[in-house]
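A.B. asks: build me a model:
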Amino acid sequence: MAKSIMIQGTMSNAGKSILVGGLCRILRQDGYHPAPFKSQNMALNSYITEEGLEMGRAQVMQAEAAKIKPKVCMNPILLKPTNDTGSQVIVNGEVIGSMSAKEYYAHKKEYIPSILKAYHELEKEHDIIVIEGAGSPAEINLKEDDIVNMGMAAMVDAPVLLVGDIDRGGVFAQIVGTLELLEKDEKERIKGTIINKFRGDKEILKPGLTMLENRTKVPVAGVIPYFYLDIDDEDSLTERFHKKDTTGLLDIAVIRLPRISNFTDFTALECMEELSVRYVSNVAEFGNPDAVLLPGSKNTMEDLLWMRQNGLEAKVIRHGANGKLVFGICGGYQMLGETIYDPAGVEHGGMIRGMGLLPMKTVFESEKTRTRVRGHFQKVEGLLENISGVRIEGYEIHMGTTRFTGQAAPLLQLENELQSKKNKMDGCCSGSVYGCYVHGIFDESGVLSGLVSALLKQKGLDPAQIQTFDLTAYKEEQYDKLADIIRANLDMNVVYKIIEK
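C.D. replies: Numbers count the residues shown, from 1 in each chain. Just a heads-up that it's a prediction; the model follows:
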């Protein structure tokens, strides 16, 4: 049996996901073969494995940090919110339906066998499992039948490190209050606490740490400083949405849809020094960007109506009409067409008009497309002609089928990795407007450099000044930096003792 350690937090966004990723990298550096695990994740950022199964992106990041392939058993339950009170429920990578919060909580105990089966699958191949909790273990209305915090720790007899976020204030109250609300056996599982996101002089903090240890009888295992690294973080709480910098050579506007999903499609763009990537949620923020990117959405029709009501749709249409780049991915691609039909009520129901920038229509169907793909760009016309023939690799996650309504040029020729490399066409281009279903398309260095070169040329700048960017190497560098920061500020001797006991 593998050993385990669990990271729980005093609240959402305390830094659990990043700390689990950092521990996975440290353990791998120290000669172990770790794997991440989160029994239940709520996120709109998801990923398709080699087997065509869907899982949360946070566990993908953690698997990358551990230098292993992402597997759906690392995240057996994924909840993808469709509105304020309901979610699409995905178990072992397969959609089982949409449920209200009340319905899900009535059924969640039924998923315990799936959770344990997934965990034991990881145990067969790994020696340490680093488990991530969700939210807080002290949510007293959710503690009954818990399957992701103390309930999960009990199922696999895992010791726990409790993380508090000092940046938002009240960290001592967070930790003491959390412990006070736990049952005796739950308190005994907490073997150490971590103060996360600290800015300032640790000497000033020491009296508080001493008082915290005296009050809780639990040692402080470390104080992690606030740091800035390019590592995928959780959904709507991500700080990247608040960046408004426009100092780069190119200004890229990403429409921040209310139900934005898979915004990790733009990570590679954000990492390039030549680019300023801004997330725009209203007309006042739009400005005069060099390119507009439309991301995926968990509810394409509702998000398109939101854009129509607040004026962003008109801005995007005018941007494309002026010969400037518009690129949509997945739900954003569907919005660029002429019409979206939803006869089965998969999302909004009925029919709405699209932006009319691409000659196509989309019909939603109840079955979700989930697959990894690879292929290449067709002969591309217009602004992005320099990426013709460039190879790509990525994945599709979408509801619905899109068909052309008139003369249109397909953007990509793809091989479906799960269907004997069966070829198919995907995407569409018209003038300076492009779109496709493939997530991760900008991760490919050829696509990225071609896109940036074309935009620089359009702006009258020299494309030769950009540097080749390797996203994989960049990520590795970031994970190593993360491990260095955590190793320097977390007592790893204490952590290893906790794991061994």
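
A.B. asks: contacts, neighbours, all on C-alpha from now
C.D. replies: Fine.

A.B. asks: centre of the chain to stretch 251-266, how far?
C.D. replies: Stretch 251-266 has its C-alpha centroid displaced from the chain centroid by 11 Å (C-alpha atoms, centre = their mean, to the nearest Å).

A.B. asks: and the end-to-end length of that stretch?
C.D. replies: Here the two ends of stretch 251-266 are set 13 Å apart, with distance taken as C-alpha to C-alpha, to the nearest Å.

A.B. asks: contacts for that stretch, please.
C.D. replies: 44-46, 82, 232, 235, 241, 275-281, 286, 289-299, 303, 307, 439-443 (C-alpha atoms under 8 Å, 6 or more residues apart in numbering).

A.B. asks: can you check the distance spanned by stretch 464-477, start to finish?
C.D. replies: Terminal residues of stretch 464-477 lie 25 Å apart, using C-alpha to C-alpha.

A.B. asks: all strands in the stretch 101-250 of the chain, in order from the N-terminus.
C.D. replies: Using DSSP state E, counting those that start in this stretch, the strands found in the stretch 101-250 of the chain span residues 128-132, 160-165, 190-198, 220-225, 250-255.

A.B. asks: tell me which of the ones you listed sits most buried.
C.D. replies: A comparison of the strands of the stretch 101-250 of the chain by mean neighbour count, using mean count of other C-alpha atoms under 10 Å, puts strand 160-165 on top with a mean of 27.

A.B. asks: hmm, who's touching that one?
C.D. replies: Contacts for strand 160-165 (C-alpha under 8 Å, 6+ apart): 5-11, 13-16, 153, 171, 174-175, 189-198.

A.B. asks: got the CA positions of it in PDB?
C.D. replies: Below are the C-alpha coordinates for strand 160-165, written out as PDB (Å, rounded to 0.1, in the frame of the first residue of the first chain):
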ATOM      1  CA  VAL A 160      -3.500  16.000   7.200                       C
ATOM      2  CA  LEU A 161      -1.700  19.300   6.800                       C
ATOM      3  CA  LEU A 162      -4.100  22.300   7.300                       C
ATOM      4  CA  VAL A 163      -3.400  25.400   5.100                       C
ATOM      5  CA  GLY A 164      -4.500  28.900   6.000                       C
ATOM      6  CA  ASP A 165      -4.300  32.000   3.700                       C
END
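
A.B. asks: what does residue 444 show for phi and psi?
C.D. replies: The phi/psi pair for residue 444 (degrees, to the nearest 10) reads phi -80, psi 130.

A.B. asks: contacting residues around it?
C.D. replies: 391, 392, 393, 471.

A.B. asks: where does the stretch 301-450 of the chain have low pLDDT?
C.D. replies: Applying pLDDT under 70 to the stretch 301-450 of the chain picks out residues 416-422.

A.B. asks: same thing but at 90, please
C.D. replies: Filtered on pLDDT under 90, the stretch 301-450 of the chain yields the residue ranges 344-349, 365-370, 381-382, 399-400, 405-410, 415-425, 444-445.

A.B. asks: that one: strands as residue ranges?
C.D. replies: Here the stretch 301-450 of the chain has its strands, by DSSP E, counting those that start in this stretch, at 325-329, 339-342, 350-353, 360-377, 391-404, 412-416, 422-426, 428-430, 433-436.

A.B. asks: the fifth one to strand 325-329, inter-axis angle?
C.D. replies: Angular relation of strand 391-404 and strand 325-329 on a 0 to 180 degree scale: 90 degrees, by axes from the mean of the first three to the mean of the last three C-alpha atoms, to 10 degrees.

A.B. asks: output the contacting helices and strands for strand 391-404.
C.D. replies: strand 46-48, strand 360-377 (3 or more C-alpha pairs under 8 Å, 6 or more residues apart in numbering; DSSP states H and E).

A.B. asks: could you rerun that using 10 Å?
C.D. replies: The contact analysis (3 or more C-alpha pairs under 10 Å, 6 or more residues apart in numbering; DSSP states H and E) places strand 391-404 against strand 46-48, strand 296-297, helix 331-335, strand 339-342, strand 360-377, strand 412-416, strand 428-430, helix 445-458.

A.B. asks: return the set of buried residues in that strand.
C.D. replies: The neighbour-count criterion (16 or more other C-alpha atoms under 10 Å) identifies 391, 392, 393, 394, 395, 396, 397, 398, 399, 400, 402, 404 as the buried residues of strand 391-404.

A.B. asks: phi and psi next, for the spatially closest residue to residue 197 that is not a sequence neighbour.
C.D. replies: Leaving aside its sequence neighbours, residue 197 sits nearest to residue 226 (C-alpha to C-alpha, 6 or more residues apart in numbering; 3.9 Å). The phi and psi torsions at residue 226 (degrees, to the nearest 10) take the values phi -70, psi 130.

A.B. asks: and residue 98, by the same measure?
C.D. replies: Taking degrees, to the nearest 10 as the convention, residue 98 sits at phi -110, psi 140.

A.B. asks: count the neighbours of it for me.
C.D. replies: A count of neighbours around residue 98, defined by other C-alpha atoms under 10 Å, yields 18.
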